[in-house]
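Peer 1: Here is a sequence together with a model predicted from it:
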Amino acid sequence: MKTHTLISLSAALLASAGIAHAESVTYNLDATHTYVTFEARHFGTSTNRGRFDKKEGSITLDRAAKTGKADITIDTASINTGLALFDSHLKGDNFLKAKEFPTAKFVGDKFSFDGDKVTAVSGTLTLLGKTRPVTLTATNYNCYDSPFFKREVCGGDFETTIQRTDFGMSYGLPVIPDDIKLLIQIEAIKQ
């Protein structure tokens, strides 16, 4: 009887250890619910806004270990302000140099959590061939079971402000300020 109890107790402990074991899960971006937008002040009067229509990437999360990795690539030629002439100007040599630098890339390797919720992701942004540290702060984060995909979807709204001169983009200063606000709405599907 004692042997049976000891075996049962050992099995229960091993099972609970397995539950507590950290597990990384990969989520691929849902392009229909992921947007990378920017805001830039113009002559101190209005705010110019635009977005990048083509992006891809994945997020790997380990909620138990409180770790993660983000890898997001943005097609710089996919910039869309709603005005073709303005888009052309932003793709050109004064700003994104999209022909020479067709992509921008964010790689996040430090995730901050509050419980199971991601509160920030720190990493690097590569733009115009220059790589600089960036922290994206979550203004909203949640996971849900998608009735459409029949899988878990996680995401939220993240934001940061970069100085464009850090990436070698100085055209129009000081009329067009150095600070550019990036707003990233992400939803990613569990694989």
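Peer 2: Noted; the coordinates are in hand.
Peer 1: what's near enough to touch Met169?
Peer 2: By Cβ atoms under 8 Å, 6 or more residues apart in numbering, the residues touching Met169 are Phe95, Leu96, Leu127, Leu128. C-beta here means a position set from N, CA and C on the backbone, and glycine is covered the same way.
Peer 1: what do you get for Glu23?
Peer 2: Contact analysis of Glu23 by Cβ under 8 Å, 6+ apart lists Asp62, Ala64.
Peer 1: Give me the distance between Ile63 and Glu23.
Peer 2: To be clear, residue 63 is Arg; Ile isn't right here. The gap separating Arg63 from Glu23 is 8 Å, by Cβ to Cβ, to the nearest Å.
Peer 1: oh, I was asking about Ala77
Peer 2: Using Cβ to Cβ, we find Ala77 at a distance of 38 Å from Glu23.
Peer 1: So what are the sheet partners of the longest strand anywhere in the chain and their directions?
Peer 2: Longest strand in the chain by number of residues (criterion: DSSP state E): strand 130-145. Partner strands for strand 130-145, per DSSP bridges, with pairing direction: strand 117-127 (antiparallel), strand 152-163 (antiparallel).
Peer 1: Could you find the closest non-adjacent residue to Phe43?
Peer 2: Distances taken as Cβ to Cβ, 6 or more residues apart in numbering put Val175 closest to Phe43, at 5.6 Å, once the chain neighbours are dropped.
Peer 1: In three-state terms, how would that neighbour be classified?
Peer 2: Following DSSP: H, G, I helix; E, B strand; the rest coil, Val175 is assigned to coil.
Peer 1: Quick check: phi and psi at it.
Peer 2: phi -60, psi -50 (degrees, to the nearest 10).
Peer 1: next one: Lys181
Peer 2: Torsion angles, degrees, to the nearest 10, at Lys181: phi -90, psi 130.
Peer 1: Thought Phe38 was touching it, still the case?
Peer 2: Yes - look at Lys181 against Phe38 with Cβ atoms under 8 Å: they come within range, at 6.6 Å.
Peer 1: Looking only at neighbour counts, state which of these two leads.
Peer 2: Phe38 (20 against 15; other Cβ atoms under 10 Å).
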